[in-house]
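Asks: What follows is a predicted structure for the sequence shown.
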Amino acid sequence: MKRLKEFIVTMALLVLATALAYWFYHTTESMTNMAIVYMMATVLISRYTSGYFWGIISCFIGVLGVNFFFTYPFWQIDFTRDGYPATFIGMLVISFITSATTTSMKEQKRLAEERDEMNKKLYESQKKLEVETEKEKMRANLLRAVSHDLRTPLTSMIGSSDLYLEAKDTLKEEEKEGLIQHIREDATWLLHMVENLLSVTRIREGNTKVNKSPEPLEEVVSEGVIRLKKRYPGAEIRTTIPEDFLMVPMDATLVEQVIINLLENALLHSGSTRPIEFTVTKEKDTVLFQVRDHGIGIAEDKLPDLFDGISSERGRGSDSSKGMGIGLSICKSIITAHGGAIEARNHSDGAEFIFTLPLEGEAK
């Protein structure tokens, strides 16, 4: 089928070249134009057929066509007259070279396209490998954070309950209440950790992206702050949001969890009773969230690994019994899955956490 198609293309172009050459001949009476017309036909035939075969055939037919139709004696094939052999041999050689060059260029283009396609596949494979590597790193960090952060509250709960059971007859009522209060605090903290872990399961298995839909920014921020204040009724948070109504593409439940984690982190680990500043601003094609405290800051040597789930406390002056690790590790997983970025840094009077969400779904 392919051979037949290429035969039809070759014959059609040669017939067209003959008709065009005939028109040129009667217009200019120059044989040079005839040769050029047939060589152009050879170029087109080499371009639109595969291999060298049809190009070579068109070279011979072109030479014969010029001799038969446009060289005296007309309607006869005669290469015996003086000068004719050299002229036709030259035309044949030029046609051969033109055909070979065109075919070679076409082959080089095909090879270049194959290389580009192969490079594209290699690039896609590399990106998939990088994504899988990042996912494995996130899982490893999460498991490490879970094992690290579970140990402290569980050990405390076991110790308090053992002491209560072993010495309940000798302990004073206020001491018993203190032990029960510690167990309750640790149990509440573990419940919050479970909420974090459940939030991560909302990120679809086998994919590092999340299902996003446009959500009112003001409602998401308000809900996150309200949920935090239910846990810590005495928390002072100064919230600032844009005056414009913004719809931000996100998984609202996950982003609320990030807000709660960062605000809770500031409350528990800043070492300060001053209000927490929570500011949201729009910057070009992103929304920027900033949680700033006025406390002890973060040890500089811990900043690079802060979101890997291995940081146990902020600074040397912290006496917190529970670490920041798992909450911040989960924050990074959620924000990364949204296509945003998250970072922590110190300022002159404490620490601040900043994360961004893209506005790629914003209506123009």
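Replies: Done, it's in. Numbers count the residues shown, from 1 in each chain.

Asks: Can you mark which positions in stretch 257-269 are buried?
Replies: Going by neighbour count (16 or more other C-beta atoms under 10 Å), the buried part of stretch 257-269 is 257-269. Every C-beta, even on glycine, is put in place using the N, C-alpha and C of the backbone.

Asks: Take those and keep only those in helices.
Replies: Among the buried residues of stretch 257-269, DSSP state H puts 257-269 in helices.

Asks: What values do phi and psi take at Asn346?
Replies: Per-residue torsions, Asn346: phi -90, psi 150 (degrees, to the nearest 10).

Asks: Show the contacting residues for it.
Replies: Each residue near Asn346 by C-beta atoms under 8 Å, 6 or more residues apart in numbering is listed here: Gly297, Ile298, Glu300, Leu303, Glu352.

Asks: which residues does the last one bridge with?
Replies: Just to be clear, that refers to Glu352. Legend: beta-bridge partners of Glu352 under DSSP bridges are Arg292, Arg345.

Asks: Low-confidence stretches in the stretch 151-300 of the chain?
Replies: 196, 199-209 (pLDDT under 70).

Asks: re earlier: ok, so of the buried residues of stretch 257-269, who is nearest Gln181?
Replies: Nearest to Gln181 among the buried residues of stretch 257-269: Leu268, at 16.4 Å, using C-beta to C-beta.

Asks: Could you identify the helix or strand that succeeds the helix or strand hosting Glu107?
Replies: Glu107 is part of helix 84-167 when elements are defined by DSSP states H and E. Note on helix 84-167: by DSSP H and E, the next helix or strand toward the C-terminus is helix 173-200.

Asks: which residues sit against the helix or strand following that following helix?
Replies: For helix 173-200, the following helix or strand on the C-terminal side (DSSP H and E) is strand 213-216. Strand 213-216 has contacts (C-beta under 8 Å, 6+ apart) with Phe245, Leu246, Met247, Val248, Pro249, Met250, Asp251, Ala252, Val255, Gly361.

Asks: Following element in sequence after strand 213-216, please.
Replies: Using DSSP H and E, the helix or strand that follows strand 213-216 in sequence is helix 217-231.

Asks: Direction included, what does the very next helix or strand once past that following helix pair against?
Replies: Next along the chain after helix 217-231, taking DSSP H and E as the criterion, comes strand 237-240. As defined by DSSP bridges, the strand partners of strand 237-240 come to strand 276-283 (parallel).

Asks: Which residues belonging to the strand it pairs with are considered buried?
Replies: Ile276, Glu277, Phe278, Thr279, Val280, Lys282.

Asks: Which of the contacts of strand 213-216 has the largest number of neighbours?
Replies: Compared across these, Val255 has the highest neighbour count, 28 neighbours, by other C-beta atoms under 10 Å.

Asks: roughly how far apart are it and Cys331?
Replies: Plainly put, Val255 is 10 Å away from Cys331 if you go by C-beta to C-beta, to the nearest Å.

Asks: what residues do those two have in common as contacts?
Replies: Counting by C-beta under 8 Å, 6+ apart, Val255 and Cys331 have no shared contacts at all.
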